[in-house]
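Participant: What follows is a predicted structure for the sequence shown.
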Amino acid sequence: MNRPVHIDIDRLQGEIDALASISENSPPVVTRVLFSQADLQARAYVKHLCQEAGLTLREDGAGNLFARWPGADLNLPPVATGSHIDAIPNAGRYDGVVGVLGAIEACRALKRGGFQPRHAIELITFTAEEPTRFGIGCLGSRLLAGTLPLEKAAALRDPEGRSLEELRVAAGLGAHDLRQVRLAPQSYAAFVELHIEQGPLLELEKVPIGVVEKIAAPSTLRLELTGVGGHAGAMLMPERHDALLAGAEIALAVEQAALASGSSDSVGTTGVFRIEPGAVNSVPCRAWVEIDFRDTQLSTRDAALKRIEDSAAAICKRRGVALRLERLNADAPAACDPHLVQTVLDVCGELRLAAKKMISRAYHDSLFMAQVCPTTMIFIPCRGGVSHRPDEYSSPAQIRNGVEVLALTLARLAGAGKE
Ligand code: GLV
Ligand code: MN
Ligand code: MN
């Protein structure tokens, strides 16, 4: 298909804004934690848009949503695209959403242009790309790729102790079986995810499109620290086994592990820190800490994880605090498919849009889709590289570029069935 597509950016921007208003917080803050009321309402909105666009819907036991534009040749595996609509606490409106609503507009634009695909085109809205509820990111795509064993999924608990099974049944997914979520081999011909960059490079270099060649290796640790609580006035300092202070020292060790790894790609964050009982005149007896550590090289990431785990053990021993440490995930980096990367670059060339190959430091469902089929990502700039904040922003023109590149890439990969 050689005709350029016409993207209705006003309609798409209106839909992005409408989705942003479905939030657990007041505007401009977007919070949509897995299976919250806001998440369920947002899913309903996306289903409505997909139906309106003439796509055929299916949902699996994990809540992954599939919206298919059937191809002319039913024997061919679909070409897939998609992203997520859940949002971490205090997020913005573009992370994930551009890849879902943008894909719907890409399909609508191709349809308006009279295109009929030979391979089906399928939009996947993945469940819980964000780790907020269960501590582990990319829940839906991990299950699709078969990377998260079902026993491990069954053991997941949220901070209130609720299980994935309990929550998915409450969300109306009880009729679907979690055991059937894993994709069969060759389910898809390709996967291409459109996303905001979540970093500053495209904006700094004034390049409108990034094409992802590699996704960095993420990992998450969850620690439960049990010390001894007591009266803040009466308990003398030598007697203390303060769980918060052990956690605080561990957080500093995470920072050290990143700074001393020898790689400028190492990033370590202690993003969750809860204490009990949480009273100003009481020594903290328990702390729950979650640590995110990433690097583009697996060996560097793994060495840093080991260093953090050894430090945590030594700190807790010295402070007389009991430590329970769990590696929630420690994933390998993903290499994108060179042929797909070239296809996206060719489309950018055709549209006269400058493009650069990039590494994604953020993780995405593409990390796991890369285990299922050839995968790449299309990045667009975001202001100041800001993400996971309410002031996250990409302009309508930047989004239109990304959706146009996505639409033409999908059309190339799916091939024309009939005009
Ligand atoms: C995704 O949200 C990430 O944390 O990289
Ligand atoms: Mn995110
Ligand atoms: Mn995202």
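Facilitator: Everything's here; your move. This one's a predicted model, so the numbers in the text were calculated from it and none came from an experiment. Ligands and ions are numbered 1, 2, ... in the order given.
Participant: And the helices in this structure, which stretches?
Facilitator: With DSSP state H as the criterion, the chain has helices at 9-20, 37-52, 97-112, 139-145, 150-155, 164-168, 201-205, 243-259, 298-319, 338-350, 366-369, 396-414.
Participant: Where does the prediction get shaky in the stretch 1-150 of the chain?
Facilitator: Scanning the stretch 1-150 of the chain for pLDDT under 70 picks out 1-3.
Participant: ok, the spatially closest residue to Gln51 that is not a sequence neighbour - how many residues close by?
Facilitator: Spatial nearest neighbour of Gln51, excluding adjacent residues (CB to CB, 6 or more residues apart in numbering): Leu57 at 6.6 Å. From N, CA and C alone the C-beta is placed, and that goes for glycine too. When counting by other CB atoms under 10 Å, one arrives at 13 neighbours for Leu57.
Participant: Could you find the closest non-adjacent residue to the residue of the chain at minimum distance from ligand 1?
Facilitator: Closest residue of the chain to ligand 1, CB to the nearest ligand atom: Ala362 (3.4 Å). Nearest residue to Ala362, sequence neighbours excluded (CB to CB, 6+ apart): Gln198, at 4.6 Å.
Participant: Make sure the one you found is actually in contact with Ser387.
Facilitator: Yes: at 3.8 Å, Gln198 counts as touching Ser387 under the criterion of CB atoms under 8 Å.
Participant: When those two are compared, which one has more neighbours?
Facilitator: Neighbours were counted for Gln198 and for Ser387 using other CB under 10 Å; Ser387 has more, 22 against 18.
Participant: could you measure the nearest residue to Phe293 once chain neighbours are set aside against Arg301, distance?
Facilitator: Distances taken as CB to CB, 6+ apart put Gly268 closest to Phe293, at 4.7 Å, once the chain neighbours are dropped. Distance of Gly268 to Arg301, given as CB to CB, to the nearest Å: 10 Å.
Participant: Would you mind listing the residues touching both of these two?
Facilitator: Listed as contacting both Gly268 and Arg301 by CB atoms under 8 Å, 6 or more residues apart in numbering are Phe293.
Participant: Of these two, give the one with the bigger neighbour count.
Facilitator: Neighbours were counted for Gly268 and for Arg301 using other CB under 10 Å; Arg301 has more, 27 against 24.
Participant: I figured the residue nearest to Phe293 hits Arg307, correct?
Facilitator: No: contact criterion CB under 8 Å: Gly268 and Arg307 do not qualify, at 10.0 Å.
Participant: Overlap of the contact sets of these two?
Facilitator: Counting by CB under 8 Å, 6+ apart, the common neighbours of Gly268 and Arg307 are Ala257.
Participant: Which of the helices of the chain sits closest to Gly71?
Facilitator: Of all the helices of the chain, helix 396-414 sits nearest to Gly71, with 6.4 Å by CB to CB.
Participant: Now do the closest one: which elements does it pack against?
Facilitator: For helix 396-414, the elements it packs on are helix 9-20, strand 79-84, helix 97-112, strand 190-196, strand 209-215, helix 338-350, strand 375-380, judged by 3 or more CB pairs under 8 Å, 6 or more residues apart in numbering; DSSP states H and E.
Participant: residues near Phe66, how many?
Facilitator: With other CB under 10 Å as criterion, Phe66 counts 18.
Participant: what about it, distance to His119?
Facilitator: With distances taken as CB to CB, Phe66 is found 15 Å from His119.
Participant: One more: Asp302?
Facilitator: Distance from Asp302 to His119, by CB to CB: 38 Å.
Participant: With neighbour numbers in mind, choose between these two.
Facilitator: Per other CB under 10 Å, whichever of Asp302 and His119 has more neighbours is His119, with 25 against 16.
Participant: Name all residues that make contact with the more buried one.
Facilitator: For His119, the contact set (CB under 8 Å, 6+ apart) comprises 71, 73, 76-79, 189, 413-415.
Participant: Which pair of these spans the longest distance?
Facilitator: The largest separation in the contacts of His119, counting by CB to CB, is between Asp73 and Leu413 at 13.4 Å.
Participant: ok, so what distance separates the residue nearest to Phe293 from Gly54?
Facilitator: To Gly54, Gly268 is 46 Å away according to CB to CB.
Participant: ditto for Glu213
Facilitator: Per CB to CB, Glu213 is found 34 Å from Gly54.
Participant: ok, the two, which is more surrounded?
Facilitator: A count of neighbours by other CB under 10 Å puts Glu213 above the other of Glu213 and Gly54, at 17 against 12.
Participant: Now do the same contact list for the more buried one.
Facilitator: 335-336, 338, 341, 357-359, 376.
Participant: Please identify, among those residues, the one with the most neighbours.
Facilitator: When those are compared by neighbour count (other CB under 10 Å), Thr376 ends up highest, at 29 neighbours.
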